[in-house]
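> following is a predicted model, sequence given first.
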Amino acid sequence: MARDKIYLEEEFPSPLLQLWHNFKVTPVVMIGFSCFIFLTILALFAPFITPYTSVENHLDFLLLPPAWHEDGNVSFLLGTDNLGRDMLSRLMHGTSLTFGLSFVVVLISLGIGVVIGSVSALTSGIKSSFLNHFLDVILSIPSLLLAIVIVAILGPGLSNTLWAIIIVLIPQFVHITRNVVTQEFRKDYVLASRLDGASSFRILYHSVFPNILEKLISQATLAQSAAILDIAALGFLGLGAQIPMAEWGAMLKNGIDLFYIAPWTVYLPGLAILFAVVATNLVGEGMRHALKISKEA
């Protein structure tokens, strides 16, 4: 016969679960999160669901306006550019290049930055002081300016642009990781683990990382919005993605001379950049608000 539970056990949610409960309270944040998920899915599956390829020319439909215009064609929902390429297909492919690659860039920067920042937090003396001052100098330089300098050294191209942005973002993650790890190592639970004979790396992996994961995720969302703008800005300046790649910044540059003739070739990629940045920033702000509530609780 099964025995009923006599004692009621209080269940405490994990830090990530508690963060999610605080995060989903705000409706605007959830809208931004839904848009963020939509962009992520589109970035993954865009090559398979676009009606045309990003470079397919339709010479009979040059500079065709969007379908809701009286001169539009429903076969090209958002119109075409000066080479007859479908704007909808190019914008969807551009999601993979601008938004999708920004996600990859942030993940690589996060991994490298967390490793360097954690090792830095466990060291002291001249090495730690030198790294701290070096990071302060790097962080004082605007990220876009530093990325332009690096691309100018490496040469134009999308791959060099991505490496430049990775190099620019790494100091941010090193700085935040070093600060939060240093703060956690001053707390009592770390002292209790040390008294039990645990090594610094064991404490870092099993005790500290679970408590700082949400802060790193919050910083990653903010860094991704900066990465989106940097990729698009370098593409607009001709230092990033090159013709005929359907990157949003390069599309904006390609259509800027046609603004008075075909304004949709400019405002559509511009709105796509704005949409991605706003959605990412909403997720980042929601994370910071959720972290603040968790601290107050």
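Received it, and whenever you're ready, just let me know what you need.
> which parts of this structure are helices?
With helices called from DSSP state H, the chain shows them at 15-23, 27-49, 87-94, 101-122, 126-139, 143-154, 158-184, 188-195, 200-203, 209-236, 248-255, 264-296.
> output the below-cut-off pLDDT ranges for the stretch 151-297 of the chain.
Scanning the stretch 151-297 of the chain for pLDDT under 70 picks out 294-297.
> repeat that for 90
Residues of the stretch 151-297 of the chain that meet the criterion pLDDT under 90 lie in 152-158, 171-172, 174-175, 178-219, 221-222, 238-246, 254-260, 284-297.
> format the helices of the chain as JSON lines; extra columns: distance to residue 75 and mean neighbour count.
Placement of C-beta: from N, CA and C, glycine included. Shown next, in JSON lines, are the helices of the chain (distance: least, C-beta to C-beta, whole Å; neighbours: other C-beta atoms under 10 Å):
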{"stretch": "helix 15-23", "distance to residue 75": "41", "mean neighbour count": "16"}
{"stretch": "helix 27-49", "distance to residue 75": "16", "mean neighbour count": "15"}
{"stretch": "helix 87-94", "distance to residue 75": "10", "mean neighbour count": "25"}
{"stretch": "helix 101-122", "distance to residue 75": "29", "mean neighbour count": "20"}
{"stretch": "helix 126-139", "distance to residue 75": "49", "mean neighbour count": "13"}
{"stretch": "helix 143-154", "distance to residue 75": "38", "mean neighbour count": "17"}
{"stretch": "helix 158-184", "distance to residue 75": "30", "mean neighbour count": "21"}
{"stretch": "helix 188-195", "distance to residue 75": "63", "mean neighbour count": "12"}
{"stretch": "helix 200-203", "distance to residue 75": "60", "mean neighbour count": "15"}
{"stretch": "helix 209-236", "distance to residue 75": "28", "mean neighbour count": "22"}
{"stretch": "helix 248-255", "distance to residue 75": "20", "mean neighbour count": "26"}
{"stretch": "helix 264-296", "distance to residue 75": "15", "mean neighbour count": "19"}
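> out of the ones you listed, nearest to residue 74?
helix 87-94 (11.4 Å; C-beta to C-beta).
> how far off centre is that closest one?
19 Å (C-alpha atoms, centre = their mean, to the nearest Å).
> and if you look at stretch 44-61?
That offset, for stretch 44-61, works out to 25 Å (C-alpha atoms, centre = their mean).
> and that stretch, end to end?
29 Å (C-alpha to C-alpha, to the nearest Å).
> let me have the helices of the chain in TSV, extended by distance to residue 69.
Shown next, in TSV, are the helices of the chain (distance: least, C-beta to C-beta, whole Å):
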stretch	distance to residue 69
helix 15-23	40
helix 27-49	24
helix 87-94	12
helix 101-122	32
helix 126-139	47
helix 143-154	35
helix 158-184	32
helix 188-195	63
helix 200-203	62
helix 209-236	26
helix 248-255	16
helix 264-296	9
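> among the ones you listed, which is nearest residue 78?
It's helix 87-94; of the helices of the chain, that one is closest to residue 78 (C-beta to C-beta) at 4.1 Å.
> packing partners for that closest one?
helix 27-49, helix 248-255, helix 264-296 (3 or more C-beta pairs under 8 Å, 6 or more residues apart in numbering; DSSP states H and E).
> for the record, mean pLDDT for stretch 61-78?
For stretch 61-78, mean pLDDT rounds to 88.
> and it, how far apart are its ends?
OK, stretch 61-78 end separation, C-alpha to C-alpha: 12 Å.
> give me the buried positions along that stretch.
Neighbour counts over stretch 61-78 (16 or more other C-beta atoms under 10 Å) mark 61, 63-66, 72, 76, 78 as buried.
> gap between it and the chain center?
Relative to its chain's centre, stretch 61-78 lies at 32 Å (C-alpha atoms, centre = their mean).
> CA-only coordinates of stretch 184-195 in PDB, if you can.
Extracted in PDB, the C-alpha atoms of stretch 184-195 (Å, rounded to 0.1, in the frame of the first residue of the first chain):
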ATOM      1  CA  GLU A 184      31.200  35.700  -5.800                       C
ATOM      2  CA  PHE A 185      34.500  34.500  -4.400                       C
ATOM      3  CA  ARG A 186      34.000  37.000  -1.500                       C
ATOM      4  CA  LYS A 187      30.800  35.300  -0.400                       C
ATOM      5  CA  ASP A 188      30.300  32.900   2.500                       C
ATOM      6  CA  TYR A 189      29.400  29.800   0.400                       C
ATOM      7  CA  VAL A 190      32.700  30.000  -1.400                       C
ATOM      8  CA  LEU A 191      34.500  30.200   2.000                       C
ATOM      9  CA  ALA A 192      32.500  27.100   3.100                       C
ATOM     10  CA  SER A 193      33.600  25.200   0.000                       C
ATOM     11  CA  ARG A 194      37.200  26.200   0.600                       C
ATOM     12  CA  LEU A 195      37.000  24.900   4.200                       C
END
